[in-house]
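Peer 1: Sequence first, predicted coordinates after that:
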Amino acid sequence: MPTLRETILSALQARLSTLPATALRGDVLPERVPLEGLLILRDGEPDEPEVTLSPLTYHYQHRAEIEAVVQGADRDASFDALCASIGTAIAADRTLGGFCDWVEAEAPRPVDLPVEGAASLKAAVIPIILHYTTADPLG
């Protein structure tokens with residue numbers, strides 16, 4: 001049976017998979033970026049939890065990351081649309097089916113990455129904060 005952390009990350013991956021961009025989890029950047037864009041979910045890490053003692057409960061703010069990448073002549077508009085679609089997908093279900101207390105995205109910091117012999121990439125890491133509570137830090 002998967003842990004709550006894995007269940008939440010899988011639910012986030014499933015939500016990203018509904019977008020037109022290709023959504024991967026934990027993969028390396030492929031040689032070709034799909035026309036619709038590319039999203040790579042990185043598991044990230046939980047912060048130091050706040051602990052409630054009775055009953056023993058751990059309250060996490062887990063910081064995952066989405067690497068968003070687009071390529072092509074109209075990459076500024078494509079990147080903007082891709083980021084907006086991520087925000088819309090997250091806002092549609094901020095609890096990821098009830099597994100998470102709250103999900104929120106932070107603003108991306110885009111960069112242009114030159115590619116020799118091809119159109120440059122526009123990419124950013126979008127931090128995603130997953131708020132959840134569990135009775136076992138390993139469970």
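Peer 2: Thanks, I have it. Numbers count the residues shown, from 1 in each chain.
Peer 1: CA atoms of the helix-or-strand element of the chain with minimal mean pLDDT as PDB?
Peer 2: Ranked by mean pLDDT, DSSP states H and E, the weakest helix or strand in the chain is strand 111-115, scoring a mean of 87. Backbone C-alpha positions of strand 111-115 (Å, rounded to 0.1, in the frame of the first residue of the first chain) are rendered in PDB as follows:
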ATOM      1  CA  VAL A 111      15.000  31.400 -18.200                       C
ATOM      2  CA  ASP A 112      15.900  31.100 -21.900                       C
ATOM      3  CA  LEU A 113      18.300  28.300 -22.600                       C
ATOM      4  CA  PRO A 114      20.100  28.300 -25.900                       C
ATOM      5  CA  VAL A 115      20.300  25.000 -27.900                       C
END
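Peer 1: Residues in contact with that strand: which ones?
Peer 2: With contact meaning C-beta atoms under 8 Å, 6 or more residues apart in numbering, strand 111-115 is reached by 71, 75, 120, 121, 122, 123, 124. Placement of C-beta: from N, CA and C, glycine included.
Peer 1: Give the next helix or strand downstream of it.
Peer 2: strand 118-134 (DSSP states H and E).
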